[in-house]
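Undergrad: no sequence for this one, just the structure:
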């Protein structure tokens, strides 16, 4: 899936000193109902976790466009108001960064299988 981060990613350290990167994304979509000329916009929010390399957290900032591969899940719970609620979750295996929303002159960086690939400074364009 491809989406934008809704805020900066954060690292959580578990009791066994294992670290996980947590972040949220918003997936924007739109459609036209049959017989309508009006477009309806839909935003789906997903809570993500990434266990491979906590070093990627510095690149996962609000507005960054990311392409993610992994496994979708759902977290069902009872809210404080007693109502049943659910959130979509995504266990991320691979992150590909496509750049920030408002920054210029940045080259995308790819994060895959625990190794951060540095931006290429010698691109011909």
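TA: Done, it's in. Model, not experiment: these values are computed from the prediction. Numbers count the residues shown, from 1 in each chain.
Undergrad: residue 73: what's it in contact with?
TA: For residue 73, the set of contacting residues under the criterion of Cβ atoms under 8 Å, 6 or more residues apart in numbering consists of 88, 89, 90, 91. Just so you know, the C-beta spots here come from the backbone N, C-alpha and C atoms, and that holds for glycine as well.
Undergrad: this structure: strands as residue ranges?
TA: Listed in chain order, the strands of the chain (DSSP state E) span residues 2-5, 10-13, 19-32, 39-50, 65-78, 84-99, 110-112, 115-116.
Undergrad: reformat these as a markdown table; add distance to residue 59 and mean pLDDT.
TA: Listed next are the strands of the chain as a markdown table, based on distance: least, Cβ to Cβ, whole Å; pLDDT from 0 to 100:
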| stretch | distance to residue 59 | mean pLDDT |
| --- | --- | --- |
| strand 2-5 | 10 | 95 |
| strand 10-13 | 13 | 96 |
| strand 19-32 | 10 | 94 |
| strand 39-50 | 11 | 94 |
| strand 65-78 | 9 | 95 |
| strand 84-99 | 6 | 94 |
| strand 110-112 | 7 | 44 |
| strand 115-116 | 8 | 40 |
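Undergrad: okay, the ones you listed in JSON lines with distance to residue 58 next?
TA: Rendered in JSON lines, the data for those read as follows (distance: least, Cβ to Cβ, whole Å):
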{"stretch": "strand 2-5", "distance to residue 58": "13"}
{"stretch": "strand 10-13", "distance to residue 58": "10"}
{"stretch": "strand 19-32", "distance to residue 58": "10"}
{"stretch": "strand 39-50", "distance to residue 58": "13"}
{"stretch": "strand 65-78", "distance to residue 58": "14"}
{"stretch": "strand 84-99", "distance to residue 58": "11"}
{"stretch": "strand 110-112", "distance to residue 58": "11"}
{"stretch": "strand 115-116", "distance to residue 58": "9"}
